[in-house]
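Novice: structure for this input, please:
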Amino acid sequence: MPAETLLTCPHAVRTHAPMTPVRWQVVRRRRETHDTCTLELTPLETNGLVFRPGQFNMLYVFGVGEIPVSISGDPAHPERLVHTIRAVGAVSAVLCRLQKGDVLGVRGPFGSAWPVEAAEGQDVVILAGGIGLAPLRPAIYYLLQHRGRYGHLVLLYGARTPRDLLYLRELERWRGRFDMQVEVTVDHAGTGWFGHVGVVTTLLPRAHFDPEETVALVCGPEIMMRFAAKALQERGVAATRIYLSMERNMQCAIGLCGHCQFGPTFLCKEGPVFNFARIARWLTIREL
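Specialist: Residues are numbered from 1 along each chain as shown. Okay, here's the model as predicted:
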């Protein structure tokens with residue numbers, strides 16, 4: 001498949017006005033790490049929401065505010081929204097304190113998606129850093145549900161410490177599969193960690209894939225993504241086959257407020273998933 005055909009997926013169709021929150025209720029809350037939780041939501045009104053892997057929603061806490069959060073659930077089951085949230089601000093802190101039965105507003109889905117359909121017939125390498133595994137999890141679900149359509153499937157995941165790793169049970173299940181290579185590393189290990197130590201890009205030499213027939217999906221801190229893209233190119237993966245999720249500050253999600261402008265683009269409208277070849281020059285500009 002020519003590299004130029006590996007385009008991001010089209011936006012999902014919404015059945016509500018884009019600025020109108022729809023009420024969803026928390027049906028399950030799970031603590032992932034010391035500062036991160038996962039919320040599972042079901043709708044309180046007719047919704048019809050569908051989403052593609054990589055898209056995001058705006059989550060609204062009534063009386064507090066709203067923030068963008070990537071969808072981290074299974075796209076095959078859009079009737080139950082899943083969001084993994086790190087408590088780093090006022091709204092995210094309240095979201096992480098919500099309990100079963102609480103109600104919040106949801107706008108979305110918004111944005112572009114991981115090119116999982118266009119990648120059929122290729123090897124797929126997934127590089128995730130920290131909470132960056134959450135936006136990639138829907139793509140992993142999709143790839144595993146259609147496993148026979150892809151070549152090698154590789155997940156390389158890194159976190160700061162063992163206590164910062166997400167989805168431990170799923171990681172163990174994925175590592176137990178014979179049709180998927182999973183490698184995990186931490187930047188700093190303590191007593192009881194017997195795995196790899198180092199940044200996530202140090203796992204690339206272990207990965208089995210054909211660089212000329214590979215699509216790479218990358219999500220994490222921007223500095224990690226820059227180095228990951230460079231390492232993938234050094235391994236032989238073309239820049240046009242590398243996709244990044246650029247999660248920046250968004251307030252309207254439809255390109256009106258300008259908070260997510262990145263060079264000539266609005267991340268909420270044209271992203272968050274971008275082909276690396278398209279945005280590489282903007283990633284090198286400090287404080288853009």
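
Novice: now do the helices in this structure.
Specialist: When secondary structure is read from DSSP state H, the chain shows helices at 90-95, 133-145, 168-175, 222-235, 267-270, 276-283.

Novice: give the rounded mean pLDDT of the last one.
Specialist: With pLDDT averaged residue by residue, helix 276-283 scores 90.

Novice: just the fifth one next, same as before
Specialist: Model confidence over helix 267-270 averages 87 on the pLDDT scale.

Novice: also the third one?
Specialist: Throughout helix 168-175, pLDDT has a mean value of 96.

Novice: and the contacts of it?
Specialist: With contact meaning Cβ atoms under 8 Å, 6 or more residues apart in numbering, helix 168-175 is reached by Arg137, Ile140, Leu155, Tyr157, Leu165, Met180, Val182, Val184. C-beta coordinates here come from the backbone N, C-alpha and C atoms, glycine included.

Novice: quick one: end-to-end length of stretch 27-38, please.
Specialist: End-to-end distance of stretch 27-38: 11 Å, with Cα to Cα, to the nearest Å as the criterion.

Novice: for that stretch, list every residue counted as buried.
Specialist: Residues Arg29, Glu32, Thr33, Asp35, Thr36, Cys37, Thr38 are the ones in stretch 27-38 that count as buried (16 or more other Cβ atoms under 10 Å).

Novice: ok, now how distant is the second one from Ala87?
Specialist: Yep, that's Glu32 we're talking about. For Glu32, the distance to Ala87 equals 11 Å [Cβ to Cβ, to the nearest Å].

Novice: give the residue farthest from the middle of this protein.
Specialist: Relative to the centre of the chain, and counting by Cα atoms, centre = their mean, the farthest-placed residue is Thr191 at 29.7 Å.

Novice: so, low pLDDT: which residues of the chain?
Specialist: 1-16, 287-288 (pLDDT under 70).

Novice: just want the most central residue of it.
Specialist: Pro135 (1.6 Å).

Novice: run a quick neighbour tally on the nearest residue to Pro78 once chain neighbours are set aside.
Specialist: Spatial nearest neighbour of Pro78, chain neighbours left out: Val50 (4.8 Å); criterion: Cβ to Cβ, 6 or more residues apart in numbering. Counted by other Cβ atoms under 10 Å, the residues lying close to Val50 total 14.

Novice: surely Val50 touches Ala76?
Specialist: No. Using Cβ atoms under 8 Å, Val50 is not in contact with Ala76; the gap is 10.1 Å.

Novice: if I look at Thr214, how far off is Ala239?
Specialist: 12 Å.

Novice: which of those two has more neighbours?
Specialist: Of the pair Thr214 and Ala239, Thr214 is the one with more neighbours under other Cβ under 10 Å, namely 23 against 16.

Novice: residues contacting the more buried one?
Specialist: Applying Cβ under 8 Å, 6+ apart, we find Thr214 in contact with Gln122, Asp123, Val124, Val125, Val237, Arg241.

Novice: now do Cys260
Specialist: Cys260 sits next to Arg248, Asn249, Met250, Gln251, Phe266, Leu267, Cys268, Gly271 when contact means Cβ under 8 Å, 6+ apart.
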